[in-house]
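Student: Turn this into a structure:
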Amino acid sequence: IARKAVSKIPKPGGCGDVQAMALRDVRAASFRFRSAAGPPGDASDGPSRLGRLAAGPGWRLDEEQAVPGTSREVVSDSVAWAASERKRRPEARERLVTERGAFLDKVAGILGKPRGRAVDPDAATHLAEGIEEARLAAEKVRRTAHDEAASLMDGLAQGAAQLGWVVHRTVSHEDAADAVLEICRRAAVRTALRADMPVFGRVPVDRTLQAAGIDISTAARPAGDTYTDDARRRIRAAAFAVDVGITGVEYAVAETGTAVLHPRQGLSRLVSLAPPRHVAIVERGQALPSLDELFLLEREAFLSGTLTSSFNLISGPSKTGDIAATIVQGVHGPVEVHMVLVG
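Tutor: Modelled structure (predicted):
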């Protein structure tokens, strides 16, 4: 505010005092930084915004950083205050560090944990795990996902529904394809885009939708160096143009109702993010109890060199509350999400 006000004051010859008074008036009205000391002539209001800028390490009165329309005389009082403030800063900084140290000591005492102790790499941090330990842990997770598949799918259905997924339970892969068709019919879908994932070799989505007159295409990126900018643009344009995007999942987390996707060749993240509707197909054995098991599997992938550059955790439809603290769906992604559970 001060910068704008000063920059609009005309600068006829000999009016530096007028500018200085205008700057102080704006400063007094807009910046009430109460402190023990301030720039000369403005002790009641403490350090101004201009003074604080002047006290910074990179302040220079040159063409680049000077306040627009302001002469050296206008800011001389603030620069003088800044010089005195610099001398006081080491003491203030030392006092702040002391207070911070005392606070942390008190917290550590309450927790019964001394400060400065090193974190021991253990099973809780996974830092001590080598590739063999990670493989054993990941294999245990996979056995749990297989042996407890029925209860995990029930938990996933409940958790996903609570977060806004529309959950569809099916018995077979053919039933799953019929469920996808029913979703498309209810939404009057005319075009669909699916990922190039192994699940679609078992769930006949293409044949089922095509028989119903729905145009379905595959977001399959060419292998190797043939993935050009033109190919990217085609997939991007298709993702934003279709009525629904259909994917499988790598895993699904029962506790949080989350679908996990690893973008890679054959799976563009846009398929699940750009269309107004997203359908995720989850097969038996892909549901995990919690995020702990997910990150055990990710740890194994990291140590074995197969971890992808990113992964998406999708927990319900896109939501935002940026405006008036009102939740609105579909602003940054799909407004409608469906989870088809197979088995």
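Student: List the residues that contact the spatially closest residue to Gly159 that is not a sequence neighbour.
Tutor: The shortest distance from Gly159 to any non-neighbouring residue, by Cβ to Cβ, 6 or more residues apart in numbering, is to Gly257 (3.5 Å). Bear in mind the C-beta positions are built from the backbone N, C-alpha and C, glycine included. Gly257 makes contact with 156, 158-163, 165, 315-316, according to Cβ atoms under 8 Å, 6 or more residues apart in numbering.
Student: Now neighbour count too, for those residues, in JSON lines please.
Tutor: As requested, the contacts of Gly257 are arranged in JSON lines below (neighbours: other Cβ atoms under 10 Å):
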{"residue": "Leu156", "neighbour count": "27"}
{"residue": "Gln158", "neighbour count": "12"}
{"residue": "Gly159", "neighbour count": "20"}
{"residue": "Ala160", "neighbour count": "28"}
{"residue": "Ala161", "neighbour count": "14"}
{"residue": "Gln162", "neighbour count": "13"}
{"residue": "Leu163", "neighbour count": "16"}
{"residue": "Trp165", "neighbour count": "25"}
{"residue": "Ser315", "neighbour count": "17"}
{"residue": "Gly316", "neighbour count": "19"}
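Student: Serialize those to CSV and add fields for secondary structure, distance to Gly130 and pLDDT.
Tutor: What follows is the contacts of Gly257, written out as CSV (DSSP: H, G, I helix; E, B strand; the rest coil; distance: Cβ to Cβ, whole Å; pLDDT from 0 to 100):
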residue, secondary structure, distance to Gly130, pLDDT
Leu156, helix, 31, 97
Gln158, helix, 37, 95
Gly159, helix, 33, 95
Ala160, helix, 35, 96
Ala161, helix, 40, 96
Gln162, helix, 38, 94
Leu163, coil, 36, 92
Trp165, coil, 37, 96
Ser315, coil, 32, 94
Gly316, coil, 37, 92
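Student: What is the burial count for the closest residue in space to Glu283 that isn't next to it in sequence?
Tutor: Residue nearest to Glu283 in three dimensions, not counting chain neighbours: Val342, with 4.8 Å by Cβ to Cβ, 6+ apart. Neighbour count of Val342, defined by other Cβ atoms under 10 Å: 25.
Student: Per-residue pLDDT of the residue nearest to Gly159, please?
Tutor: Reported pLDDT at Gly257 in the predicted model: 96.
Student: Kindly list the main-chain dihedrals of the residue nearest to Glu283?
Tutor: Phi and psi for Val342, reported as degrees, to the nearest 10, are phi -110, psi 110.
Student: Dig out what it forms beta bridges with.
Tutor: Beta bridges link Val342 to Thr170, Glu283, judged by DSSP bridges.
Student: again with His338
Tutor: On the basis of DSSP bridges, His338 is bridged to Val166, Val279.
Student: which ones are touching it?
Tutor: Applying Cβ under 8 Å, 6+ apart, one finds that His338 lies in contact with 165-168, 183, 277-280.
Student: One more pass at 7 Å, please.
Tutor: 165-166, 168, 183, 279 (Cβ atoms under 7 Å, 6 or more residues apart in numbering).
Student: Of those, just say which sits nearest to Gly116.
Tutor: Relative to Gly116, the closest of the contacts of His338 is Trp165; by Cβ to Cβ it sits at 45.7 Å.
Student: That's all I had, so thanks and see you.
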